[in-house]
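Engineer: could you work out the structure for the sequence below:
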Amino acid sequence: MSFCRNTSQQLNVFDAIYQLTEREQKRLKNSWAEKFGHEVFPLINEERFSVLYSNNPATRPNNPVNVYVGLLMLRELFDQTDEEALDSLMFDVRYQYALHTTSLKEQPVSKNSLTNFRTAVYRYNEENGVDLIQQEVESHAEEFTKLLNIKDRTVRMDSMMISSSCKKLSRLEIIYSCVSRLIVEINKEDASLLSEKFKVYLKEEHRNDTIYRCKDKDLDSKMKLLTADAIELFSLCRGTSLEPSDDYQLLARMLGEQTLISEGICELKPSKEISPESLQNPTDPDATYRRKANKNYIGYTANFAESFDEQHRIITHYDLQPNTYSDQKFSDDYLEKQGKQDEELRVLVDGAYYSEEISKNAEKNNIKMIPTNLVGRNPSSEKTGYEQFDIDESNHIVNACPMHHAPTDSKFKKQVYRAHFSKKLCTNCPHRPHCPVSEQKKQFLFEVSETKLHCSMLRAEMGTAEYKEIASKRAGVEGIPSILRRKHDVDHLPVRGRVRSKVWFGFKIDAINTKRFIKSRIETTKSALASLVNNNLLEVLCFQRTFLLRQAA
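Structural biologist: Next comes the predicted model:
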């Protein structure tokens, strides 16, 4: 199938628009379809998706990709299934108007079009490591930001847990599932390879007998028997045509994660030694385990950054990773993606995103990380006040204490400042009860690592009114997880695997941005109309007043 660019459809005498009454046309012009069709739809970059199709001019042209992407955006915007979105396109003139297809005799989307398009996107991502949907969504966000004139150089970040739609399995179920899936695969390829003891796995009641009718006292013995079967199957299929299969690879992964070899004997690992990144369910190999806030999660974690001002807000960046991915890794990824900034960019983050190293890397790119809190020990439980000392960080010298007394010596070694102060001065100093120096035999010692010093300086800055005012703006981004859960049911995605889940998640982010953009545009239009009416009314009143004054004269 070759790629061809779909230009905006030209109106003709058979266009569906002309079948509407004047009143209906007016309603259509004032609906969301007008803003979507004239401001959002043109932003879809079809050329981006040309890599999914053949460039051979002899092949049949593909259907317009911008209609596919636009319909998937509307699907999420109105919380529809593929079938409902397709029906809307066929029978709702607003959809046709928004997607520029009112002049077509038949809509260019069939029953499997959206599924096939998403599958092509998945495959391209898996083969090339490029997420075309993320590129498109973030491109839309960038244009929305420009059109809404969001000039504030401040963004705020947050993350959320997203549950996989796969079933939570016990350790016994994970081992059994990997074994039974490979046996089914072997039975399809060459049933003669299976001995009688493996053929029982093909019976429907075998799973229930092994797992659900298993007593606690028999659990260890059952897992050992299943593991022995898994090892035998692993050896049986090794070097055969079954070795590249997904089911064999999952069995091999499971054995690597659940067992260990000690003195030539393969044994099950203790439960505490199983990694959170281990296989949680063969149906979703990318999902990982994480415990957060006394809750267990199996699935993924999503990160997003939002640009905003007093009136508008747009999600300009997002990512989706296994839920063992830390917030600090998201920070690193974001800084790398943003690169060097011409103007300072301020990033409001939670303390989990922040570290001394991340802050330094950000400064190199003219980005300032502004944490709303800091992780680690409570400052009340340790010495404070290091930031009050006069320290020349460029030359690594302690110049003076808070009372302006110079030290008797100052050294900087292994990223730690050490300075000694006169015992006579420190003993009688009024600041002594609050000073972080420690008493020695002959002198008082000031000692602080570079990291702890910067942390102390940051805590002091966080206590200022100006910092609190800036940091308070981060709270607005914490409403996004609620929207994604309530409006877009993000914890029940109909797909599994990180690549597929991220594509669906991306369209949900695009739906949030599109709704915000259209709402803002409609409100702006209403405001402009109201202003125009008020101005016209004022002119009429002024004219009437002038006329009456002249009449009175």
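Engineer: and the protein, what are its domains?
Structural biologist: Under the assignment automatic domain parsing, the domains of the chain span 1-130, 171-279, 379-460.
Engineer: so how far does stretch 97-113 reach from one end to the other?
Structural biologist: Its first and final residues considered, stretch 97-113 spans 20 Å by Cα to Cα, to the nearest Å.
Engineer: and what of stretch 151-167?
Structural biologist: 45 Å.
Engineer: likewise stretch 407-417?
Structural biologist: 12 Å.
Engineer: tell me the predicted confidence for residue 13.
Structural biologist: pLDDT, residue 13: 63.
Engineer: circling back to that earlier point, can you lay out the domains of the chain as TSV showing distance to residue 505 and mean neighbour count?
Structural biologist: Yep, even glycine has a C-beta here, placed from its N, CA and C like the rest. What follows is the domains of the chain, written out as TSV (distance: least, Cβ to Cβ, whole Å; neighbours: other Cβ atoms under 10 Å):
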stretch	distance to residue 505	mean neighbour count
domain 1-130	10	16
domain 171-279	20	15
domain 379-460	33	15
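Engineer: any chance of these in a markdown table, plus distance to residue 315?
Structural biologist: Formatted as a markdown table, the domains of the chain follow (distance: least, Cβ to Cβ, whole Å):
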| stretch | distance to residue 315 |
| --- | --- |
| domain 1-130 | 13 |
| domain 171-279 | 28 |
| domain 379-460 | 27 |
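Engineer: out of those domains, nearest to residue 485?
Structural biologist: Evaluated over these, closeness to residue 485 peaks at domain 1-130, with 12.7 Å, by Cβ to Cβ.
Engineer: distance between the closest one and the chain's centre?
Structural biologist: Centroid separation for domain 1-130 versus its chain: 26 Å, with Cα atoms, centre = their mean, to the nearest Å.
Engineer: in contact with residue 248, which residues?
Structural biologist: Each residue near residue 248 by Cβ atoms under 8 Å, 6 or more residues apart in numbering is listed here: 182, 185, 234, 237, 242.
Engineer: state the distance from it to residue 48.
Structural biologist: For residue 248, the distance to residue 48 equals 36 Å [Cβ to Cβ, to the nearest Å].
Engineer: same check on residue 28?
Structural biologist: When residue 28 is compared with residue 48 (using Cβ to Cβ), they lie 29 Å apart.
Engineer: and what of residue 288?
Structural biologist: Distance check for residue 288 against residue 48: by Cβ to Cβ, it reads 30 Å.
Engineer: same check, this time on residue 63
Structural biologist: 16 Å.
Engineer: what of residue 60?
Structural biologist: 21 Å.
Engineer: how about residue 191?
Structural biologist: 47 Å.
Engineer: before we move on, back to that, in helices only, show me the contacts of residue 248.
Structural biologist: Among these, the members found in helices (DSSP state H) are 182, 185, 234, 237.
Engineer: which helix or strand contains the residue nearest to the last one when sequence neighbours are not counted?
Structural biologist: By that I understand residue 237. Nearest non-adjacent residue to residue 237, counting by Cβ to Cβ, 6 or more residues apart in numbering: residue 248, 5.3 Å away. Assigned by DSSP states H and E, residue 248 belongs to helix 246-258.
Engineer: C-alpha coordinates for that helix, CSV please?
Structural biologist: Extracted C-alpha coordinates of helix 246-258, given in CSV (Å, rounded to 0.1, in the frame of the first residue of the first chain):
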residue,chain,number,x,y,z
ASP,A,246,7.7,-16.2,22.5
ASP,A,247,6.5,-19.0,24.8
TYR,A,248,9.9,-20.6,25.0
GLN,A,249,11.6,-17.2,25.7
LEU,A,250,9.1,-16.6,28.5
LEU,A,251,9.8,-20.0,30.0
ALA,A,252,13.5,-19.3,29.8
ARG,A,253,13.0,-15.9,31.4
MET,A,254,10.9,-17.4,34.2
LEU,A,255,13.5,-20.0,35.0
GLY,A,256,16.2,-17.3,35.1
GLU,A,257,14.2,-15.2,37.6
GLN,A,258,12.6,-17.9,39.8
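Engineer: give me the distance from it to the chain's centre.
Structural biologist: The answer for helix 246-258 is 28 Å, by Cα atoms, centre = their mean.
Engineer: average model confidence for that helix?
Structural biologist: 94.
Engineer: from the contact counts, what lies against the lengthiest strand in the chain?
Structural biologist: Counting residues, the longest strand found in the chain (DSSP state E) is strand 295-308. If you count contacts as 3 or more Cβ pairs under 8 Å, 6 or more residues apart in numbering; DSSP states H and E, strand 295-308 packs onto strand 154-163, strand 288-292, strand 313-322, helix 327-338, helix 480-486, helix 498-552.
Engineer: tell me the buried residues in the fifth one?
Structural biologist: Along helix 480-486, the positions that meet the burial threshold by neighbour count (16 or more other Cβ atoms under 10 Å) are 480-481, 484.
Engineer: roughly how far apart are residue 495 and residue 505?
Structural biologist: In terms of Cβ to Cβ, residue 495 sits 10 Å off from residue 505.
Engineer: looking at these two, which has the bigger crowd around it?
Structural biologist: residue 505 (26 against 16; other Cβ atoms under 10 Å).
Engineer: tell me the pLDDT at the more buried one?
Structural biologist: 97.
Engineer: test my guess that it contacts residue 320.
Structural biologist: Yes: at 5.3 Å, residue 505 counts as touching residue 320 under the criterion of Cβ atoms under 8 Å.
Engineer: how close does residue 171 sit to residue 211?
Structural biologist: Using Cβ to Cβ, we find residue 171 at a distance of 11 Å from residue 211.
Engineer: need the overlap of contacts for these two.
Structural biologist: Contacts common to residue 171 and residue 211, judged by Cβ under 8 Å, 6+ apart, are absent.
Engineer: pull up the pairing partners for the longest strand of the chain, direction included.
Structural biologist: Strand 295-308 has the following strand partners under DSSP bridges: strand 154-163 (antiparallel), strand 288-292 (antiparallel), strand 313-322 (antiparallel).
Engineer: residue boundaries of the helices in the stretch 301-450 of the chain?
Structural biologist: For the stretch 301-450 of the chain, the helices defined by DSSP state H, counting those that start in this stretch cover 327-338, 356-364, 423-427, 450-462.
Engineer: TSV please, covering the ones you listed and showing mean pLDDT.
Structural biologist: Shown next, in TSV, are these (pLDDT from 0 to 100):
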stretch	mean pLDDT
helix 327-338	95
helix 356-364	93
helix 423-427	88
helix 450-462	89
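Engineer: ok, residue 471 - contacts?
Structural biologist: Contacts of residue 471 by Cβ under 8 Å, 6+ apart are 348, 370-372, 462.
Engineer: just the buried ones from those, in ChimeraX syntax?
Structural biologist: For the buried members of the contacts of residue 471, the matching ChimeraX selection, counting by 16+ other Cβ under 10 Å, is:
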select :348,370,371,372
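Engineer: just give me the closest of the contacts of residue 471 to residue 118.
Structural biologist: Nearest to residue 118 among the contacts of residue 471, with distances taken as Cβ to Cβ, is residue 348, at 33.7 Å.
Engineer: that closest one contacts residue 367, doesn't it?
Structural biologist: No: look at residue 348 against residue 367 with Cβ under 8 Å: they stay out of range, at 11.7 Å.
Engineer: tell me how far the longest strand of the chain is from the chain's mean position?
Structural biologist: On Cα atoms, centre = their mean, the centre of strand 295-308 falls 5 Å from the chain's centre.
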